[in-house]
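Asker: next one to model:
(one chain, ligands or ions: 2)
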Amino acid sequence: MILIKTILVATLLLLVGDFLSTFLYHVPEHVFGKFHTIVHHGKNRSFIHYAVLNRNPLVLLDGFLGALPYFIFLPWGWQISPYGTILAIILGELHVVWRHVSIINWKTPIAIAWLCKILFITTPERHWLHHRNANLAYGDIFTFYHYPAVAWMQFLIEVKKKAR
Ligand SMILES: [Zn+2]
Ligand SMILES: [Zn+2]
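Answerer: Ligands and ions are numbered 1, 2, ... in the order given. Here you go, the predicted structure:
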């Protein structure tokens with residue numbers, strides 16, 4: 001029972017966190033902002049370097065704003081399952097690091113790539129597509145956020161055009 005609760009709460013927290021982060025921060029930032037594009041999609045920077053290791057305050061701020069939606073529901077998760085909440089934080093953090101491994105030297109093992117495909121989880125290869133082209137591969141953790149994210153992006157682009 002405790003195991004089911006743990007897994008359920010961890011999954012829910014990551015689902016909600018990725019949803020809010022994608023739709024309230026990531027996509028609007030691509031349409032209206034410059035900040036994430038410069039920081040997260042800058043050229044000629046090694047992947048892990050600027051995503052994880054760089055101490056540039058802008059990078060940290062981008063990371064913080066992107067991560068904020070994950071934190072909102074932690075108190076709620078904690079009340080239901082502290083283990084699940086801790087698991088969500090650990091998995092979320094590990095996934096950030098993992099999806100930013102240097103793509104040049106990285107190839108996701110076939111078994112893991114296959115598992116990710118079944119579970120709709122973003123691999124480093126997939127996330128790298130987004131870094132290279134901001135129209136591709138939305139959903140930092142879950143791949144099924146991509147299509148709604150693109151629809152949302154197109155809607156926001158229309159809003160932006162009309163506002164001019
Ligand atoms: Zn990234
Ligand atoms: Zn982006």
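Asker: distance between stretch 60-73 and the chain's centre?
Answerer: 10 Å (CA atoms, centre = their mean, to the nearest Å).
Asker: in PDB, could you pull the C-alpha coordinates for it?
Answerer: In PDB, the C-alpha atoms belonging to stretch 60-73 read as follows (Å, rounded to 0.1, in the frame of the first residue of the first chain):
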ATOM      1  CA  LEU A  60      20.100  29.700 -12.400                       C
ATOM      2  CA  LEU A  61      17.000  32.000 -12.700                       C
ATOM      3  CA  ASP A  62      15.800  30.100 -15.800                       C
ATOM      4  CA  GLY A  63      16.300  26.800 -14.000                       C
ATOM      5  CA  PHE A  64      14.500  28.200 -10.900                       C
ATOM      6  CA  LEU A  65      11.500  29.500 -12.800                       C
ATOM      7  CA  GLY A  66      11.200  26.300 -14.800                       C
ATOM      8  CA  ALA A  67      11.400  24.300 -11.600                       C
ATOM      9  CA  LEU A  68       9.000  26.500  -9.600                       C
ATOM     10  CA  PRO A  69       5.900  24.700 -10.800                       C
ATOM     11  CA  TYR A  70       7.300  21.500  -9.500                       C
ATOM     12  CA  PHE A  71       7.500  22.900  -6.000                       C
ATOM     13  CA  ILE A  72       4.000  24.300  -5.700                       C
ATOM     14  CA  PHE A  73       2.300  21.000  -5.000                       C
END
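Asker: quick one: buried residues of that stretch?
Answerer: Residues of stretch 60-73 classed as buried by neighbour count (16 or more other CB atoms under 10 Å): 62-63, 65-67, 69-70, 73. Backbone N, C-alpha and C define where each C-beta goes, glycine included.
Asker: same deal with stretch 149-158?
Answerer: 149, 152-153, 156.
Asker: dump the residues you listed to JSON lines, plus secondary structure and distance to residue 12.
Answerer: Output for the buried residues of stretch 149-158, formatted as JSON lines (DSSP: H, G, I helix; E, B strand; the rest coil; distance: CB to CB, whole Å):
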{"residue": "149", "secondary structure": "helix", "distance to residue 12": "19"}
{"residue": "152", "secondary structure": "helix", "distance to residue 12": "21"}
{"residue": "153", "secondary structure": "helix", "distance to residue 12": "25"}
{"residue": "156", "secondary structure": "helix", "distance to residue 12": "26"}
